[in-house]
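got a predicted structure plus its sequence, pasted below:
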Amino acid sequence: MEREALLTRTFVELADTLVDDFDVTELLTLLVDRCVEALDVSAAGLLLVAPEGDLRVMASSNEAMRILQDFELSSAEGPCLDCYRTGKPVVNETLAGGGHWPRFTPVALEAGFRSVYAVPMRLRRSILGALNLFGSEERTLSEQDLLAAQAFADVATIAVLQNRAIVEAQILADQLNHALNSRVVIEQAKGVLAERLGIGMEQAFTRLRTHARNHNLRLAVLAQGLVDGTLNVDALDPPRH
């Protein structure tokens, strides 16, 4: 019951951290630290696929884990990479017999690890990364431990997706604000032209658009020049007849 209470407190704490302004790196670091505490493993870490498509170290519970995960990536072999490539967990692999990874295994043994586990960070059919769990002893994780490990990986997936949604929403909001501000400036420039040249607003917009196209300028930049006085009205191309 003490272990169950620890897991419950851990997931509540992680859920409370998933607020609008959360730091995804801080949350994932907290997550791997809690994996070590709750699952009785020696170290934990997360590898996450970058937008460019390559895997990168996202969080490590200690420096030895970080170094070993970096080696996984540079040597292109290890439990986390196998998990990421197949989308299936790597469970209860002991390293003393040589293991499946001729370059990775001796480095992991030298770092003091004897058993390795990895579970995928999965979104439907897409694999976002993997959670590494390393033990200093040759021991197997129970079915309950593996279920908890997958739950930790699922929380990490939710955190990454929520962070991406927040970033994308901010980008969209910034783009919308920019578009609205640009439209205001263009309307102001149309008014400047209409007043100084004694023409209608539609004619003024045609002059603006024609000049921008002829000189490969952005319409909003051209309009801003007219509004702030850095571009003289007389510098615009004459109307076509």
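Received the coordinates, thanks. Residues are numbered from 1 along each chain as shown.

how close does Asn177 sit to Ala64?
46 Å (C-beta to C-beta, to the nearest Å). Heads up, the C-betas are built off the backbone N, CA and C, glycines and all.

pick out whichever of those two has more residues nearby.
Ala64 (18 against 10; other C-beta atoms under 10 Å).

wouldn't that one be in contact with Glu110 here?
No - look at Ala64 against Glu110 with C-beta atoms under 8 Å: they stay out of range, at 10.0 Å.

now do whichever strand or helix holds Met65, average pLDDT.
Element membership for Met65, per DSSP states H and E: helix 63-75. For helix 63-75, mean pLDDT rounds to 92.

show me what that helix is packed against.
Applying 3 or more C-beta pairs under 8 Å, 6 or more residues apart in numbering; DSSP states H and E, we find helix 63-75 packed against strand 43-49, strand 55-60, helix 79-86, helix 104-110, strand 126-135.

just give me the neighbour total for Leu39.
Count around Leu39 with other C-beta under 10 Å applied: 22.

roughly how far apart are it and Leu161?
With C-beta to C-beta as the criterion, Leu39 and Leu161 are 23 Å apart.

nearest residue to Pro239 other than its sequence neighbours?
Arg207 (6.2 Å; C-beta to C-beta, 6 or more residues apart in numbering).

now do the helix or strand containing that neighbour, average pLDDT.
Using DSSP H and E, Arg207 sits in helix 201-214. The average pLDDT within helix 201-214 is 83.

one more: stretch 151-168?
pLDDT averaged over stretch 151-168 gives 71.

same question, stretch 119-134
Taken as a whole, stretch 119-134 has an average pLDDT of 84.

name the residues of stretch 87-97 that are buried.
Neighbour counts using 16 or more other C-beta atoms under 10 Å place Pro89, Val90, Val91, Glu93, Thr94, Leu95 of stretch 87-97 among the buried residues.

nearest to Gly198, of those residues?
Using C-beta to C-beta, Pro89 comes nearest to Gly198 of the buried residues of stretch 87-97, at 75.7 Å.

tell me what the host helix or strand of Glu37 is packed against?
Using DSSP H and E, Glu37 sits in helix 24-39. For helix 24-39, the elements it packs on are helix 2-17, strand 43-49, strand 55-60, strand 126-135, helix 143-197, judged by 3+ C-beta pairs under 8 Å, 6+ apart.

restricting to C-alpha, output that helix in PDB.
Written as PDB, here are the backbone C-alpha positions of helix 24-39 (Å, rounded to 0.1, in the frame of the first residue of the first chain):
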ATOM      1  CA  VAL A  24       8.000  20.500 -20.300                       C
ATOM      2  CA  THR A  25      11.700  19.900 -19.600                       C
ATOM      3  CA  GLU A  26      11.200  20.500 -15.800                       C
ATOM      4  CA  LEU A  27       8.100  18.200 -15.800                       C
ATOM      5  CA  LEU A  28       9.900  15.400 -17.700                       C
ATOM      6  CA  THR A  29      12.900  15.600 -15.300                       C
ATOM      7  CA  LEU A  30      10.500  15.300 -12.400                       C
ATOM      8  CA  LEU A  31       8.900  12.300 -14.100                       C
ATOM      9  CA  VAL A  32      12.200  10.400 -14.500                       C
ATOM     10  CA  ASP A  33      13.100  11.200 -10.900                       C
ATOM     11  CA  ARG A  34       9.800   9.700  -9.700                       C
ATOM     12  CA  CYS A  35      10.300   6.600 -11.900                       C
ATOM     13  CA  VAL A  36      13.500   5.900  -9.900                       C
ATOM     14  CA  GLU A  37      11.700   6.400  -6.600                       C
ATOM     15  CA  ALA A  38       8.500   4.500  -7.500                       C
ATOM     16  CA  LEU A  39       9.800   1.600  -9.600                       C
END
